[in-house]
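>>> What follows is a predicted structure for the sequence shown.
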Amino acid sequence: MDKMVEQTYEIMEVCLLAGKIMLQSGGETYRVEDTMMRIAASFGIEKSHSYVTPTGIIFSAEGSEPTKTKLIRISERSTDLKKVAMVNSISRSISSGELDLNAALNELKNLEDLNVTFPMKYQAAAASIASGCFMIMFNGGWNDFIPAMISGGAGYISFIAFHRFVPIKFFSEFLASFVIGLISLLFVRIGLGHKLDTIIIGSVMTLVPGLLVTNAIRDLMAGHLVSGLSKGAEAFLTAFAIGAGIAFVLSFLK
């Protein structure tokens, strides 16, 4: 009996670790819950329940013994869809019988410690190019492409740097948007930029919480009201921080 209880807790640990990685990496709430329940069913726990919010996961497993429940706290969240895809791949391997319990736990622990993000220089380069392309999409001129690239790249680097020193997301986004507005205004003042509005709009697009908005809508449509509303509120605060940083520049320095 003790061995069965121990195995149940090990299964729960695998399920919670998979859910934790997915939630921290930007996975949708319903996807996290579905993956955890599928993993539990693959290891013989047919009756399991999960309750997922952006800041925590509650998972319970029913059996012959009293229901066992565990809770984990989620404090850090980012966007890393590659990790979400890798957890899905591990889940499919578990469902097909290719991974046993210990192997699955080791795979997930290795994935949790794995850094699959691109180096900072590649992220900054992608943000710069994306800023220039967004500026063109918003009917900007090609003569503003380079200023938009520079301001967008500088804003993204500022966001990463500020977030490392002050781990408050909204404060970092406010400062990053302030840097974007300041550099864009400087380009226009010295004559290298022409349309201030399109340069700023293109540059801040790398900070816009697109994934948060998408996940909030998908969670609401799936019936996860708490997660949907909380993610929507987080997206609203992020948008407010970005707008406040730009408004500060335009109000006091223009």
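Received the coordinates, thanks.

>>> which helices and strands sit right next to the helix or strand harbouring residue 243?
For residue 243, the element it lies in under DSSP states H and E is helix 225-252. Using 3 or more CB pairs under 8 Å, 6 or more residues apart in numbering; DSSP states H and E, the elements in contact with helix 225-252 are strand 48-53, helix 169-189, helix 196-204, helix 210-221. (Each C-beta comes from the backbone N, C-alpha and C, glycine too.)

>>> Kindly recompute the last result at 10 Å.
Here helix 225-252 touches helix 29-42, strand 48-53, helix 145-165, helix 169-189, helix 196-204, helix 210-221, going by 3 or more CB pairs under 10 Å, 6 or more residues apart in numbering; DSSP states H and E.

>>> how about TSV for the ones you listed, with mean neighbour count, distance to residue 236 and mean pLDDT added?
Listed next are the helices and strands packed on helix 225-252 as TSV, based on neighbours: other CB atoms under 10 Å; distance: least, CB to CB, whole Å; pLDDT from 0 to 100:
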stretch	mean neighbour count	distance to residue 236	mean pLDDT
helix 29-42	21	18	88
strand 48-53	19	17	86
helix 145-165	21	18	88
helix 169-189	21	11	89
helix 196-204	25	15	89
helix 210-221	18	9	84
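
>>> for these, which one sits closest to residue 76?
Taking CB to CB, helix 169-189 is the member of those nearest to residue 76, at 10.0 Å.

>>> follow-up on the earlier one: pLDDT of the helix holding residue 243, averaged?
For helix 225-252, mean pLDDT is 87.

>>> Buried residues in it, which are they?
Residues 227-228, 230-232, 234-235, 238-239, 241-242, 245-246, 249 are the ones in helix 225-252 that count as buried (16 or more other CB atoms under 10 Å).

>>> ok, now which ones touch residue 229?
216, 219-220 (CB atoms under 10 Å, 6 or more residues apart in numbering).

>>> Among these, which one sits closest to residue 48?
Ranked by distance to residue 48 (CB to CB), the contacts of residue 229 are led by residue 219 at 20.1 Å.

>>> how far away is the residue nearest to residue 44 when sequence neighbours are not counted from residue 93?
Take residue 44 and drop its neighbours on the chain: the residue closest to it by CB to CB, 6 or more residues apart in numbering is residue 11, 7.7 Å away. Separation of residue 11 from residue 93 (CB to CB, to the nearest Å) stands at 15 Å.

>>> That's all I had, so thanks and see you.
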